[in-house]
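Engineer: Let's see this in three dimensions:
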Amino acid sequence: MPENDNPGEREEVRKEIRDALRSLRKEAERVGKDLQTVVDSTQKFLETKTPVVSSTIEDSLEKASEAFKRAMNTVDQQTRPQQVRILENYKVFLETQLTRVEKRLSDISKK
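Structural biologist: Okay, the predicted model is just below:
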């Protein structure tokens, strides 16, 4: 500001700056509260959904393990040539599943 400015004008500019800063502070507080609300709701969502997903995965793995045990018991009851054929086919099936898991992991890692 030039030094020969009117003191009244300087005071008016100062007042406008104070008002602008006050508005900016209020807006920053509002944004902060909005962000906290988003964080809180996200945290609540994760707290409720993560255990459900984990439980579902654990249940699925347990069922798969039980199915594997039953399948192996059934294989044990077959003749040796039949066991070899069944286990070779099962191995191909598992390799296909492993390939799918590896591809999915690769796709997820790229994101």
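Engineer: switch to C-alpha atoms for all contacts and neighbour counts from now on
Structural biologist: Will do.
Engineer: for Leu87, what are its contacts?
Structural biologist: For Leu87, the contact set (C-alpha atoms under 8 Å, 6 or more residues apart in numbering) comprises Val75.
Engineer: Next one, pLDDT for it please.
Structural biologist: Per-residue confidence for Leu87 comes out at a pLDDT of 89.
Engineer: secondary structure class for it?
Structural biologist: Following DSSP: H, G, I helix; E, B strand; the rest coil, Leu87 is assigned to helix.
Engineer: Please determine how far it is located from Glu9.
Structural biologist: Applying C-alpha to C-alpha, to the nearest Å, one obtains 92 Å for the distance of Leu87 from Glu9.
Engineer: Likewise for Val53?
Structural biologist: As defined by C-alpha to C-alpha, Val53 lies at a distance of 65 Å from Glu9.
Engineer: Give me the most central residue, this structure.
Structural biologist: Compute the mean C-alpha point of the chain, and by C-alpha atoms, centre = their mean the closest residue is Leu46, 8.5 Å away.
Engineer: What helix or strand is Asp34 located in?
Structural biologist: helix 7-76 (DSSP states H and E).
Engineer: now that helix, how far from the centre of its chain.
Structural biologist: For helix 7-76, the distance from its own C-alpha centre to the chain's C-alpha centre is 10 Å (C-alpha atoms, centre = their mean, to the nearest Å).
Engineer: now stretch 103-111
Structural biologist: Taking C-alpha atoms, centre = their mean, one finds stretch 103-111 lying 14 Å from the centre of the chain it belongs to.
Engineer: any idea of the mean pLDDT in that stretch?
Structural biologist: The predicted model gives stretch 103-111 an average pLDDT of 89.
Engineer: ditto for stretch 34-46
Structural biologist: Stretch 34-46 comes out with an average pLDDT of 79.
Engineer: Where does pLDDT dip in this protein?
Structural biologist: Flagging of the chain using pLDDT under 70 yields the residue ranges 1-5.
Engineer: can you list the domains in it?
Structural biologist: In the assignment given by automatic domain parsing, the structural domains of the chain cover 1-77, 78-111.
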